[in-house]
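In: Mind looking at a prediction? Sequence and model below.
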Amino acid sequence: GESVGLHLPTLSVQEGDNSIINCAYSNSASDYFIWYKQESGKGPQFIIDIRSNMDKRQGQRVTVLLNKTVKHLSLQIAATQPGDSAVYFCAENRRNTDKLIFGTGTRLQVFP
Amino acid sequence: DVKVTQSSRYLVKRTGEKVFLECVQDMDHENMFWYRQDPGLGLRLIYFSYDVKMKEKGDIPEGYSVSREKKERFSLILESASTNQTSMYLCASSRDNQDTQYFGPGTRLTVL
């Protein structure tokens, strides 16, 4: 399949385990954050978002945590499944700008 | 659900050809974006548009132009394709600023 990024950090987990994917952002003026999932050969797919007035947000099997003190964002996937295998990357939107700044991504590999 | 479609999944062109990549969104979004994605470089913004007939340069506009004659359609134009424009091209749209961008499936362009 096509690779969306070479030499990406890789997280390997066993099916059924929980996964934690991390992202550091650099700009304290960023106030909106998004996690995307990208499967091989496809466009990025929205997973979950969080605004800076929140520390935690939950979706279906996913949780995003935001630590503004250390400028860190994490995505937790509960009971990881083979279909979760993909590249995951975070994006930040700086206040009063129109652009998203994307991270380079983490490859999640799920083993049976 | 938001739907962003791109005219081609795969495209092969020759150096010097004029190339049109089309993107259509069906959610009446104000903003539309064109990115390219290359291994090791992540997503890079080429051009974006706030509204019909409006366009703004992104981070790497050289060698590209865009057209937005209708709200739902945003076209990326390579006036004279070159081999270094071989890449995955992704279109996205968002309702407004500070909102999630939704991506199309991508067009894998190869310039020979």
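Out: Good, I have the coordinates.
In: right, is stretch A:94-105 up against chain B?
Out: Yes. Applying C-beta under 8 Å from any C-beta of the partner chain, one finds stretch A:94-105 touching chain B at A:97-100, A:102-105. C-beta: built from backbone N, CA, C; applies to glycine.
In: which residue is nearest the middle of chain B?
Out: Among the residues of chain B, the one closest to the centroid is residue B:34, at 2.9 Å (C-alpha atoms, centre = their mean).
In: Kindly tell me how buried the closest residue in space to residue B:88 that isn't next to it in sequence is, as a neighbour count.
Out: With C-beta to C-beta, 6 or more residues apart in numbering or on different chains as the criterion, residue B:88 has its nearest non-adjacent residue at 4.5 Å, and that residue is residue B:37. Per other C-beta atoms under 10 Å in any protein chain shown, the neighbour tally for residue B:37 reads 20.
In: Tell me who's in contact with residue B:37.
Out: By C-beta atoms under 8 Å, 6 or more residues apart in numbering or on different chains, residue B:37 lies in contact with A:4, B:43-44, B:87-90, B:106.
In: beta partners for it?
Out: residue B:43, residue B:88 (DSSP bridges).
In: Closest to residue B:68 out of the residues of stretch A:94-105 next to chain B?
Out: residue A:98 (14.6 Å; C-beta to C-beta).
In: wait, doesn't the closest one sit right on residue B:48?
Out: Yes. With contact defined as C-beta atoms under 8 Å, residue A:98 reaches residue B:48; the gap is 6.7 Å.
In: Of the two, give the one with the bigger neighbour count.
Out: residue B:48 (24 against 17).
In: what sits up against the one helix or strand that one maps to?
Out: Residue B:48 belongs to strand B:42-49 when assigned by DSSP states H and E. For strand B:42-49, the external contacting residues (C-beta under 8 Å, 6+ apart) are A:5, A:44, A:89, A:98-99, A:102-105, B:31-38, B:55-61, B:64-66, B:68, B:74, B:76, B:90.
In: which among those residues end up buried?
Out: A:5, A:44, A:89, A:98-99, A:102-105, B:31-37, B:55, B:58, B:64, B:66, B:68, B:74, B:76, B:90 (16 or more other C-beta atoms under 10 Å in any protein chain shown).
In: quick one, strands of chain B?
Out: Counting by DSSP state E, chain B has strands at residues B:4-6, B:10-13, B:19-25, B:31-38, B:42-49, B:56-57, B:65-70, B:73-78, B:87-94, B:102-103, B:107-111.
In: no, scratch that, I was asking about chain A
Out: A:10-14, A:19-24, A:30-38, A:45-51, A:56-58, A:62-67, A:72-77, A:86-94, A:100-102, A:106-111.
In: What is the distance between the last one and the centre of its chain?
Out: Taking the mean of its C-alpha atoms, strand A:106-111 sits 12 Å from the chain's own mean (C-alpha atoms, centre = their mean, to the nearest Å).
In: Quick check: buried residues in it?
Out: A:106-108, A:110.
In: Leaving out sequence neighbours, find the closest residue to residue A:46.
Out: Distance criterion C-beta to C-beta, 6+ apart; nearest residue to residue A:46, sequence neighbours excluded, is residue B:100 at 5.5 Å.
In: Isn't the one you found up against residue A:49?
Out: Yes. Residue B:100 is in contact with residue A:49 according to C-beta under 8 Å; the separation is 5.7 Å.
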